[in-house]
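In: this is the structure alone, sequence omitted:
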């Protein structure tokens with residue numbers, strides 16, 4: 001039940017797009033078709049599921065104050081938390097490189113459709129945001145951190161697929177020129193964000 005609560009909260013209540021507006025650049029650019037949205041959303045889920053527990057281990061075993069006590073008493077007071085940003089980004093960049101190679105090998109069409117936005121997952125603030133929120137929430141174990149990473153990725157996946165489906169449907173609708181394209185996407189995102197407010201206070 002505890003893991004389910006973490007998943008629901010990270011995916012729906014604290015949705016990376018609709019609550020924090022993280023990862024908006026790729027969210028807006030790649031959400032023109034459902035196919036590319038599903039591909040990028042799946043890649044984001046994979047990256048978060050892998051990087052969040054790795055960063056959790058880095059945080060608890062290396063970076064936070066006293067984490068190096070297992071090396072000896074002289075390291076018990078050492079605090080390497082100032083290295084969090086660079087270490088988290090290094091882990092994220094490494095996993096994104098792996099994802100890019102896998103997508104290029106097994107799905108060249110998707111790799112071509114995603115273009116520059118696949119390697120840009122490395123600088124997607126939703127990925128780093130999940131690592132920093134994980135650090136802030138101080139989860140009790142790696143299982144909770146992994147569920148949080150999966151939930152955050154799933155929430156981002158839902159957001160980009162929903163907006164892509166809507167944008168495909170309204171492609172041939174009569175939309176006033178000034179709000180056509182990205183402008184309409186921003187309006188839809190705001191409305192969807194308001195809809196997701198309905199999940200506030202929802203807890204099992």
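Out: That came through fine. Here the structure is a predicted model, which is why all the values come from computation and not from measurement. Numbering: from 1, shown residues only.

In: roughly how far out does the longest helix seen in the chain sit from the chain middle?
Out: Longest helix of the chain, by residue count under DSSP state H: helix 142-169. In terms of CA atoms, centre = their mean, to the nearest Å, the centre of helix 142-169 is set 7 Å apart from its chain centre.

In: so residue 129 touches residue 22, yeah?
Out: Yes. Shown here, residue 129 and residue 22 form a contact pair, counting by CB atoms under 8 Å, at 4.6 Å. All C-beta spots, glycine's among them, are computed from the backbone N, C-alpha and C.

In: related to what we said a few turns ago, now the longest helix of the chain: buried residues?
Out: The neighbour-count criterion (16 or more other CB atoms under 10 Å) identifies 144-164, 166-167 as the buried residues of helix 142-169.

In: and if you look at stretch 58-74?
Out: Buried residues in stretch 58-74 (16+ other CB under 10 Å): 58, 59, 60, 62, 63, 64, 67, 68.

In: what would those residues look like in JSON lines with distance to residue 98?
Out: Output for the buried residues of stretch 58-74, formatted as JSON lines (distance: CB to CB, whole Å):
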{"residue": "58", "distance to residue 98": "17"}
{"residue": "59", "distance to residue 98": "21"}
{"residue": "60", "distance to residue 98": "23"}
{"residue": "62", "distance to residue 98": "21"}
{"residue": "63", "distance to residue 98": "23"}
{"residue": "64", "distance to residue 98": "26"}
{"residue": "67", "distance to residue 98": "26"}
{"residue": "68", "distance to residue 98": "28"}
